[in-house]
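Trainee: Curious how this folds, go ahead:
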Amino acid sequence: MSESEIELHLNPRPLVPTTDELCNRIDTAADTARARVAGDPLRAVEYDRARIAAEQFAAAGYQGDVPPMVAAWAINGRTPREAADDILHEAAQYTAALIVLRETRLAAKEQVRALMDAGEVEQAQQVVEQTVAAIEAAVAGIGNNAG
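Mentor: The predicted model follows:
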């Protein structure tokens, strides 16, 4: 072995993450955050159907037959109107969190790409760490991630 090979063996260069690896960390954090809020994907569908039913019930002045998705939440002394309003409130929080997640995720990935293209690996890694923290904070206390 040459001296340079021995030196490299004894003091290996740190691994430099790729742009794709850094962007995947951001995507994974957002995926995890969405799962914490909604649970499994079918639960997200259930919540969306409940939102639609609650919107229709509210648009009808809370009159007429209570949609089953709303009636299911009108329990423990909760009136159909209170259930619909609660569903709509939760849906608004979830939607707001999704918007923040999307904006944060996409902007950060573009920033990471630009930094990596400029050879600013450490700054790109810092952006990833800050973005992961921002994503986690964005969903704190929302949906299934409450309490």
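
Trainee: Against which helices or strands is the top helix by length along the chain packed?
Mentor: Determined from DSSP state H, the single longest helix within the chain is helix 80-117. Using 3 or more CB pairs under 8 Å, 6 or more residues apart in numbering; DSSP states H and E, the elements in contact with helix 80-117 are helix 19-38, helix 41-59, helix 68-71, helix 121-138. C-beta here means a position set from N, CA and C on the backbone, and glycine is covered the same way.

Trainee: for the ones you listed, which one sits closest to Arg102?
Mentor: helix 19-38 (7.9 Å; CB to CB).

Trainee: Might you calculate how far that closest one sits from the centre of the chain?
Mentor: Distance of helix 19-38 from the chain centroid (CA atoms, centre = their mean, to the nearest Å) equals 7 Å.

Trainee: Then stretch 17-35?
Mentor: Distance of stretch 17-35 from its chain centroid, counting by CA atoms, centre = their mean, is 11 Å.

Trainee: And for stretch 113-131?
Mentor: Worked out by CA atoms, centre = their mean, stretch 113-131 lies 21 Å from the chain centre.

Trainee: Show the end-to-end separation of it, please.
Mentor: Start to finish, the residues bounding stretch 113-131 are 14 Å apart (CA to CA, to the nearest Å).

Trainee: buried set for it?
Mentor: Buried residues in stretch 113-131, defined by neighbour count with 16 or more other CB atoms under 10 Å: Leu115, Met116, Val121, Ala124, Gln125, Val127, Val128, Thr131.

Trainee: could I get the helices and strands packed on helix 80-117 as TSV with distance to Ala97?
Mentor: Formatted as TSV, the helices and strands packed on helix 80-117 follow (distance: least, CB to CB, whole Å):
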stretch	distance to Ala97
helix 19-38	6
helix 41-59	12
helix 68-71	21
helix 121-138	6
